[in-house]
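**Student:** Coordinates for the following, if possible.
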Amino acid sequence: MKSTYLHRVLAVWGVLVAIGLVVLMSALAEPFQPESFGPGHDARAYWAAPLDDPYVPGSVGQESAYLYSPAFLALLSPLRALPWPLFVGLWTSVLLIALFWLARPLLFLPLLLLALPEIWGGNITILLAAAIVLGFSRPFAWAFPLLTKVTPGVGVLWFAVRREWLNMGLAIAATVAVIAAVALFTPGLWAQWFQLLLSSTGSSTVPGSVPIPLIARLPVAMAVIASAAWRGERWLLPIGVLLAMPVIWWGSLALLTASVALKRDDIEARFDMLLTDLGERYDRRIEARAAASS
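**Tutor:** Below you'll find the predicted structure:
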């Protein structure tokens with residue numbers, strides 16, 4: 001009973017904090033100052049990139065450079081028509097809803113602290129975490145990592161190690177289907193994106209990032225993913241995916257919200273047991289004091 005009440009209290013506080021964050025970020029969105037790390041400094045690229053020519057050669061690591069696939073840009077088309085402050089507010093809401101889905105009321109506020117840098121910047125890391133968790137039951141969700149940051153898509157190795165060929169096929173088929181569908185409307189953009197990816201293979205470390213290139217991290221990432229799959233430890237998969245990120249910033253740790261989500265039932269059960277134990281101790285202490293006073 002006390003545990004349920006606490007969950008409700010935390011849910012209310014989580015919603016209030018989330019609303020406050022959305023309002024604050026929307027209010028501070030203008031004027032946008034690229035060098036200030038203001039709200040939405042990553043999401044600005046999604047909003048500002050021209051749909052007909054979003055890719056600038058050599059733009060990797062530059063401010064407001066759009067680096068994801070044409071499919072992601074097309075998906076955001078309705079939001080991109082909005083004024084920048086409104087876009088920031090709605091996009092932040094999407095990220096917070098995804099985080100709440102991962103964390104649920106009990107863990108939302110702690111995980112919000114972990115994910116705050118990525119949410120403040122409007123990065124897609126929380127959505128990658130959600131795709132990993134969803135991907136166990138809905139393999140098509142892996143199309144999202146593959147069509148945005150690309151290298152985290154190595155997580156589909158989980159299916160190969162476990163010989164879940166149908167799930168792996170669904171993940172790949174969904175990705176190919178999205179490419180084909182979007183190519184009907186923007187055929188030239190896919191070639192430009194692939195060219196951009198090829199030209200940026202040596203840009204896996206930039207100032208401020210973890211100074212270990214992807215070529216050194218990727219084998220370790222694959223080993224972690226393969227070990228996790230072999231042992232059936234789902235919560236280890238996000239760690240392997242983190243190691244496979246194109247560039248690892250300190251904010252990239254938000255990807256570990258997926259690990260917490262995959263262990264959420266155990267964490268909540270232990271917390272409930274602790275809360276129950278503390279409640280029983282408190283009740284015994286009150287009863288002891290009442291007995292002593294009588």
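**Student:** mind checking how far the helix or strand containing Leu237 is from the chain centre?
**Tutor:** Using DSSP states H and E, Leu237 maps to helix 237-243. Distance of helix 237-243 from the chain centroid (Cα atoms, centre = their mean, to the nearest Å) equals 12 Å.
**Student:** Name the residues that touch the following helix or strand past that helix?
**Tutor:** Following helix 237-243 in sequence order, the next helix or strand is helix 257-262 (DSSP H and E). The contact list for helix 257-262 (Cβ atoms under 8 Å, 6 or more residues apart in numbering) reads 99, 102-103, 107, 111, 114-115, 126, 128-130, 132-133, 234-239, 241, 267. Backbone N, C-alpha and C define where each C-beta goes, glycine included.
**Student:** what's around Trp235, how many residues?
**Tutor:** Trp235 sits with 17 neighbouring residues when counted by other Cβ atoms under 10 Å.
**Student:** list the contacts for it?
**Tutor:** 228, 259-260, 262-263.
**Student:** I'd like to know which of those are buried.
**Tutor:** By neighbour count, with 16 or more other Cβ atoms under 10 Å, those hold 228, 259-260, 262 as buried.
**Student:** Report the two of those separated the most.
**Tutor:** Ala228 and Val260 (15.2 Å; Cβ to Cβ).
**Student:** State the mean pLDDT of stretch 153-162.
**Tutor:** For stretch 153-162, mean pLDDT rounds to 97.
**Student:** Using CSV, write down the CA coordinates of it.
**Tutor:** Output of stretch 153-162 as CSV, limited to C-alpha atoms (Å, rounded to 0.1, in the frame of the first residue of the first chain):
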residue,chain,number,x,y,z
GLY,A,153,22.5,-1.2,-35.3
VAL,A,154,25.2,-3.7,-34.6
GLY,A,155,22.9,-4.7,-31.7
VAL,A,156,21.0,-6.9,-34.2
LEU,A,157,24.0,-9.3,-33.6
TRP,A,158,21.9,-10.4,-30.6
PHE,A,159,19.5,-12.2,-32.9
ALA,A,160,22.3,-13.8,-34.9
VAL,A,161,24.1,-15.2,-31.9
ARG,A,162,20.8,-16.6,-30.5
